[in-house]
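Trainee: Following is a predicted model, sequence given first.
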Amino acid sequence: MSTETRYSTPAIALHWLMALLIFAAFPLGLYMADLPLSPDKLKLYSYHKWIGVTVFLLVAVRLSWRLTHTPPPLPAGIAGWQRRASAVVHGLLYLLMIAIPLSGWLMSSAKGFQTVWFGMLPLPDLIEKNRELGNLLAGVHKTLNFTLLALVILHVGAALKHHFIERQPFLQRMGWSRQERT
């Protein structure tokens, strides 16, 4: 496989690291939300925030990499509407990877709970404490997360369809290959 058909190693590493973090944060967020107030719930909220801040920082690195390194072109047989849909979905995924952690940080600030990254680095509150705004932002955060879930399902489904049904090397593009990168 030529290097032009596969993402760079840093892009692949960032993709899968962020996927892993998001796949951890989403179910954690669902689980912890309805727990009764306890030290365990507060600990889970801290873990969730740590993951969110890490995703927020990594998306900045990922966007910087993406803007300075051209991704491999899609295979020639991809229809124009699919190319446009891919660009829109990728753009929305990046937007949500920024908006979701930011909405969580804003929500924590509004609810009066400071975000402390890995229990060591206190982040400034972005807005003043405001319970009503905090509750509104909780709804925004939840909606954005379920929108991300829908887009991830679409993203994965499209990759699997192209790979297994249309026999295009989509999974190899993002590192699912036994072949070494040249």
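Mentor: Alright, I've got the coordinates.

Trainee: how near is L57 to W81?
Mentor: Using Cβ to Cβ, to the nearest Å, L57 is found at 34 Å from W81. Using the backbone N, CA and C atoms, a C-beta is placed for each residue, glycine as well.

Trainee: typed the wrong thing, it's L171
Mentor: 22 Å.

Trainee: Equivalent analysis for F164, please.
Mentor: 21 Å.

Trainee: Which one's more surrounded, L57 and W81?
Mentor: Between L57 and W81, counted using other Cβ atoms under 10 Å, the more crowded position is L57 (12 against 8).

Trainee: Show me what counts as buried in the strand or helix carrying that one.
Mentor: L57 is located in helix 39-68, with elements delineated by DSSP states H and E. For helix 39-68, burial by neighbour count (16 or more other Cβ atoms under 10 Å) applies to 44-46, 48-56, 58-59, 62, 65-66.

Trainee: And the strands in this structure, which stretches?
Mentor: 116-117, 121-122 (DSSP state E).

Trainee: quick one: average pLDDT of the last one?
Mentor: What it means is strand 121-122. What strand 121-122 shows for mean pLDDT is 96.

Trainee: Please apply the same query to stretch 144-163.
Mentor: Computed over stretch 144-163, the average pLDDT equals 95.

Trainee: Relative to the whole chain's centre, how far out is it?
Mentor: 12 Å (Cα atoms, centre = their mean, to the nearest Å).

Trainee: so what's A24 up against?
Mentor: Contacts here follow Cβ atoms under 8 Å, 6 or more residues apart in numbering; on that basis A24 touches I51.

Trainee: again, but for M107
Mentor: 134, 137-138, 140-141.

Trainee: Give me the subset of the residues you listed lying in helices.
Mentor: 134, 137-138, 140-141 (DSSP state H).

Trainee: Nearest residue to P10 in space, ignoring adjacent ones along the chain?
Mentor: Nearest non-adjacent residue to P10, counting by Cβ to Cβ, 6 or more residues apart in numbering: W65, 5.9 Å away.

Trainee: lowest confidence element among the helices and strands of this structure?
Mentor: helix 170-173 (a mean of 85; mean pLDDT, DSSP states H and E).

Trainee: give the contact list for A11.
Mentor: 62, 65-66, 69, 71.

Trainee: Sort out which residues of stretch 155-173 are buried, please.
Mentor: 155, 159, 162-163, 168, 170, 172-173.

Trainee: Thank you kindly, that will do.
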